[in-house]
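In: What would the 3D arrangement of this be:
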Amino acid sequence: MHWIDWIIVAAFLGLNIGIGIFFSRKGGENMDSFFVSGRTLKWYIAGASMIATSFAADTPLWVGSLIRQYGIHAVWQYWTPLIGCALGVALFSRMWRRTGVVTDNEVLELRYSGKSAQALRGISAALGALLICPMIIGWVCKAMVTIAQEALGISGQTFMIFGMDMPAEMIVTIIIMTCAVIVSTTGGLMGAVYSDFIQFLLATAGAFMLAWLSVREVGGLKAMVETLSSNGDWLGNSMNMAPQISTQMAEGGVPGGTMSIWNAIGFFTILWWGNALCGGYQAQRILACKNTKHASNALLMFTLIYFAVLCWPWIAVSLSSLIVFPDMGEAGHDAAYPRMLLTILPIGLRGIMIGTLIAAFTSTVQTMFNWGSSYIVNDLYRRFAVKEASDKHYVRISRIITVLVAFAGGFIAFNADNIQQLLGIFYVVGGGGMLVGALRWLWWRINAVGEIASFVVNWVVGILMLFGHVIFRLEAPLMDGMMSALLRLPEGVSFTNDYDLLGARMLFMVTVGVIVCVVVSLCTPATDKEQLEEFVKRTRIHKPGWMPVIRGIEGYIPAQTVPQILFDWALVMATVCALLFTLANVVRCRLPQAAGLLVIFIALLLWVLRRTRNELGEEETD
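Out: Residues are numbered from 1 along each chain as shown. Here you go, the predicted model:
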């Protein structure tokens, strides 16, 4: 790093802090201002904020690692959530915005009744704020540590602070996280989303700049494709996007260049449900939008750009890195992206690109800080502890909680091995509740007791499955032996650890969760009819799955029929895929096919926008 690069990086951090300070008065007026921006966000601000939050510093490193190890087809682990986001555009984003709540946990007491609803809201908030949110912060921070080691060139250096030797990369990460904490605690969500908007523009420009220079370094797109196609040591040398699904499971895993049938099931039928529900920080942005139309279009913008556009510069850099750095040695595949940045870019541009990665990092952790504190303050502290305090009091507590959430995320980051390890835990343990969360919206008979039972069983079984040998000091997890025998796995293949069985672990957890939820719900009293009627009237939910409730509502008209929902869902998916494959053909030097798909994409996008305007026009002034 040259001193010019360091000045540019410092300028990025200063800009970020300045945005937080600028919005400090507006963001701290009351709870709505701090957590949902007073519900004033326009679709392009909310959409850009979602993109910037999801495009964290870890994402290009993770995508690059998948490509280097398995080939382009492995990126479907990144792409499959677009199926759920398309459903979110067509259905869930609209219902979320109509609820008018502050957090997604608050809707639990709108959907369910009694003490069990209160308990579920508290449990869900505690889990999100104290575990899920810090875990996300953890894998993002893990990426920032890798960037600090590789791009900043400080790996192995230590400094004496408070009598302790601290690694230089840890100090850098703490400094950047501190800047993010300042923005979150001063400007609230308002400061975070406008900071996100600027960071989205900078990070996107930086990603494309690095991709162009990386491809030029290896002789252009055509030369890159020809070189990699002839590389017999790389599993992805076919350059295919669509993976070949393998049903074989040998001792060394599935055949090279293929996806296991279990991972195909996990990625294409389970993984995306969490995205469809639009929970967490996505719900926070949706709830902050001006109206339902802005909420739907914000998620459409996110889905198009994040899944169909942003991935391609990362993929181009990763493919180029296979030629420039065929062997990453002990640094690991995660380090390829920052090492390309340091090698390819000249002085000045290097500082800009590192600044954009830092911008991507801060945009994500700012959101996590604000989201986690919203759970603790709105769903725990104000709901159960101090119910009648002033808005200023709650905002002050929110700022304190933000700092504590940051500490929790940092602790996880410096105790995890790598990004993929944290993602695997998140997919398996968190994935168990995805379909249960969907049932909450799709079937009136699910109740809070069923959700709580499913939650407890999922986490107990998940912890036993993934960590039993650590927590309970067992030689090997019992679950591993039982499931390996059931699936007839070859010797040496572990059900709880093998990458090719990630989808099998997800399927197992989802099946357990859904069965427990349905059985317990049917064996316990249904939610109060008046509560269900209020939920239906506010969300304007579809009729199938809710007819016993809707019969008691005179003149009820849903916002959409099921055929409309399914058609909108398919149309949005087709639109995103048309753009995705347009850029895929550009990268693989198939320009005539790319031109034809581009025309199809434009036509489909105009159709989607027209249908959204017609369906939600009456809600524009809500």
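In: What is the neighbour count of residue 534?
Out: When neighbours are defined as other Cβ atoms under 10 Å, residue 534 has 15 of them. Where you see a C-beta, it was placed from the backbone N, CA and C, and this is true even at glycine.
In: pLDDT value on it, please?
Out: Residue 534 carries a pLDDT value of 92.
In: hang on, it in a helix?
Out: Yes - Residue 534 forms part of a helix when assessed by DSSP: H, G, I helix; E, B strand; the rest coil.
In: immediately after the worst-scoring helix or strand of the chain on mean pLDDT, which helix or strand?
Out: Lowest by mean pLDDT, DSSP states H and E among the helices and strands of the chain is helix 31-36, with a mean of 52. Of the helices and strands lying after helix 31-36 in sequence (DSSP states H and E), the nearest is helix 43-54.
In: in that following helix, what counts as buried?
Out: Applying a neighbour-count criterion of 16 or more other Cβ atoms under 10 Å, one finds 43, 45-54 buried in helix 43-54.
In: show me where the stretch 251-400 of the chain has helices.
Out: Listed in chain order, the helices of the stretch 251-400 of the chain (DSSP state H, counting those that start in this stretch) span 261-265, 273-276, 280-287, 292-303, 311-324, 336-344, 349-374, 391-413.
In: Other residues contacting the second one?
Out: Spelled out, that is helix 273-276. 81-85, 87-88, 91-92, 282, 430-431, 434-435, 437-438 (Cβ atoms under 8 Å, 6 or more residues apart in numbering).
In: The same query, at a cut-off of 7 Å, please.
Out: Residues from elsewhere that reach helix 273-276 (Cβ atoms under 7 Å, 6 or more residues apart in numbering): 81, 84-85, 87-88, 92, 434-435, 438.
In: Kindly indicate the member of the residues you listed with the most neighbours.
Out: Most neighbours among the contacts of helix 273-276, by other Cβ under 10 Å: residue 88, with 31 neighbours.
In: Any idea how many residues pack against residue 337?
Out: If we define neighbours as other Cβ under 10 Å, then residue 337 has 30 of them.
In: Next up, the contacts around it.
Out: So residue 337 contacts 60-61, 64, 317-318 (Cβ under 7 Å, 6+ apart).
In: Now tabulate the residues you listed in JSON lines and tack on neighbour count and pLDDT.
Out: Shown next, in JSON lines, are the contacts of residue 337 (neighbours: other Cβ atoms under 10 Å; pLDDT from 0 to 100):
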{"residue": "60", "neighbour count": "31", "pLDDT": "84"}
{"residue": "61", "neighbour count": "29", "pLDDT": "82"}
{"residue": "64", "neighbour count": "26", "pLDDT": "86"}
{"residue": "317", "neighbour count": "26", "pLDDT": "92"}
{"residue": "318", "neighbour count": "25", "pLDDT": "91"}
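In: which residue packs closest to residue 92, ignoring adjacent ones?
Out: Distances taken as Cβ to Cβ, 6 or more residues apart in numbering put residue 278 closest to residue 92, at 4.8 Å, once the chain neighbours are dropped.
In: What of residue 282?
Out: Nearest residue to residue 282, sequence neighbours excluded (Cβ to Cβ, 6+ apart): residue 50, at 6.0 Å.
In: Next one: the one you found from residue 288, what distance?
Out: Between residue 50 and residue 288 the distance, using Cβ to Cβ, to the nearest Å, works out to 11 Å.
In: Same question for residue 545.
Out: Separation of residue 545 from residue 288 (Cβ to Cβ): 28 Å.
In: Which residues are in contact with the closest residue to residue 305 other than its chain neighbours?
Out: Excluding the flanking residues, the one nearest residue 305 by Cβ to Cβ, 6+ apart is residue 51, at 5.5 Å. The neighbours of residue 51, taking Cβ under 7 Å, 6+ apart as the test, are 200, 302, 305-306.
In: swap in residue 536?
Out: 546, 549-550, 553.
In: In PyMOL, select just the buried ones from these.
Out: Restricted to buried positions by 16+ other Cβ under 10 Å, the PyMOL selection for the contacts of residue 536 reads:
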select buried, resi 546+549+550
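In: among the contacts of residue 536, which are in helices?
Out: Judged by DSSP state H, the contacts of residue 536 include 549-550 as members of helices.
In: what residues go with each domain of this protein?
Out: The record's domain split for the chain, according to automatic domain parsing, is 3-416, 432-527.
In: that older thread, among the contacts of residue 51, name the buried ones.
Out: Of these, these count as buried by 16+ other Cβ under 10 Å: 200, 302, 305-306.
In: and which of those residues is nearest to residue 579?
Out: Distance to residue 579 across those (Cβ to Cβ) is lowest for residue 305, with 9.0 Å.
In: Distance check, that closest one against residue 313.
Out: From residue 305 to residue 313 the distance is 12 Å (Cβ to Cβ).
In: And for residue 269?
Out: Distance of residue 269 to residue 313, computed by Cβ to Cβ: 29 Å.
In: quick one, which of those two is more surrounded?
Out: Counted by other Cβ under 10 Å, residue 269 and residue 313 do not tie: residue 313 has more neighbours, with 23 against 16.
In: Reduced to three states, what does residue 495 come out as?
Out: Classification of residue 495 using three-state DSSP returns coil.
In: phi, psi of it?
Out: phi -60, psi -40 (degrees, to the nearest 10).
In: pLDDT wise, what is it at?
Out: pLDDT, read off for residue 495, is 72.
In: so it makes contact with residue 501?
Out: Yes - contact criterion Cβ atoms under 7 Å: residue 495 and residue 501 qualify, at 5.6 Å.
In: Of the two, which one has the most company?
Out: Neighbour comparison, residue 495 and residue 501: the larger count goes to residue 501, with 26 against 22 (by other Cβ under 10 Å).
In: In terms of neighbours, single out the busier of residue 545 and residue 288.
Out: Neighbours were counted for residue 545 and for residue 288 using other Cβ under 10 Å; residue 288 has more, 26 against 17.
In: quick one: the more buried one from residue 90, how far?
Out: 20 Å.
In: What about residue 524, how many residues nearby?
Out: When neighbours are counted by other Cβ under 10 Å, residue 524 registers 13.
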